[in-house]
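Novice: Please find the sequence and the predicted model below.
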Amino acid sequence: MTQDWQNPSIAQSMDMLKKVHAAEPVTRYDSNCALAILPLPFYGAEAHLLRAQKPQAESPPQYYVILRSEAVPLDGSIANIHAANAAAPLHLAADNVEFYLAFRLYFGSASVLQRVRAEQTGDGWQATLRAQDKTGTHEMTLLISSRGEVSESHKELRSDDKITSLPPFTPQG
């Protein structure tokens, strides 16, 4: 299920920025910043991915998971994704596991998911996928636990077409 970025309402913007400022007191966004949201169905109906970008041209967008009572900054650390998984809590299902993998690979491993097929196995998932990162394009088999922990059971370099910088996040699935 592919979804598009949407502009939050004024009330949503104020609520989300309040949570972001509480999570990161040094980071300040004002009414001049560009905000966009994307629903995160694997975290529940009220959870969103927030993209915040200051008006300066050289300012890259910053991303946050917005939950009912908090914002979790996505800074490339797996720890923050696991914190969001626990706080939400995470619920993987057939209609959202591929989107979760695109999210997890992008924000936890700086990889862009190109294609994926996931199947449920017991209380987790097994996914066969192709992803591109700074070392090239890889085909992988990943195991995903019900808590969102990802382990690699196979990885093979398919081409050396490295990405030098991440493109904007686009959901897959």
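Specialist: Sure, I can see it. Numbering: from 1, shown residues only.
Novice: quick one: the residue nearest to the spatial centre of the chain from Gln62, how far?
Specialist: Centroid check for the chain by CA atoms, centre = their mean gives Phe103 as the closest residue, at 3.0 Å. Using CB to CB, to the nearest Å, Phe103 is found at 15 Å from Gln62. Where C-beta positions appear, they are placed from N, C-alpha and C, glycine not excepted.
Novice: that older thread, can you tell me the helix or strand for the residue nearest to the centre of the chain?
Specialist: helix 97-109 (DSSP states H and E).
Novice: how about that helix: buried residues?
Specialist: Val97, Glu98, Phe99, Tyr100, Leu101, Ala102, Phe103, Arg104, Leu105, Tyr106, Phe107, Gly108 (16 or more other CB atoms under 10 Å).
Novice: What residues does Ser146 make contact with?
Specialist: Contact analysis of Ser146 by CB atoms under 8 Å, 6 or more residues apart in numbering lists Leu90, Leu92, Asp123, Gly124.
Novice: which residues of this structure score low on pLDDT?
Specialist: Applying pLDDT under 70 to the chain flags the ranges 1-2, 57, 172-173.
Novice: Can you give the domain ranges for it?
Specialist: What automatic domain parsing lists as the domains of the chain is 10-87, 97-159.
Novice: Report the next helix or strand after the strand or helix carrying Val20 in sequence order.
Specialist: Here Val20 sits within helix 10-23, counting by DSSP H and E. Scanning forward in sequence from helix 10-23 by DSSP H and E, the next helix or strand is strand 34-39.
Novice: Residues touching that following strand, excluding its own?
Specialist: Here strand 34-39 makes contact (CB under 8 Å, 6+ apart) with 3-8, 12-13, 16-17, 29, 45, 47-53, 55, 66, 171.
Novice: circling back: please look at the residue nearest to the centre of the chain and Pro171 and confirm they touch.
Specialist: Yes - the criterion here is CB atoms under 8 Å, and Phe103 meets it with Pro171 at 7.3 Å.
Novice: Just the strands from the chain, written as ranges.
Specialist: Applying DSSP state E to the chain gives strands spanning 34-39, 48-53, 62-66, 71-74, 112-121, 124-133, 136-144, 150-159.
Novice: List the strands paired with the third one, with their directions.
Specialist: Using DSSP bridges, the neighbouring strands of strand 62-66 in the sheet come out as strand 48-53 (antiparallel), strand 71-74 (antiparallel).
Novice: Identify whichever of the ones you listed lies nearest to Arg117.
Specialist: For these, the distance to Arg117 is smallest for strand 48-53, at 23.1 Å, taking CB to CB.
Novice: Noted, bye for now.
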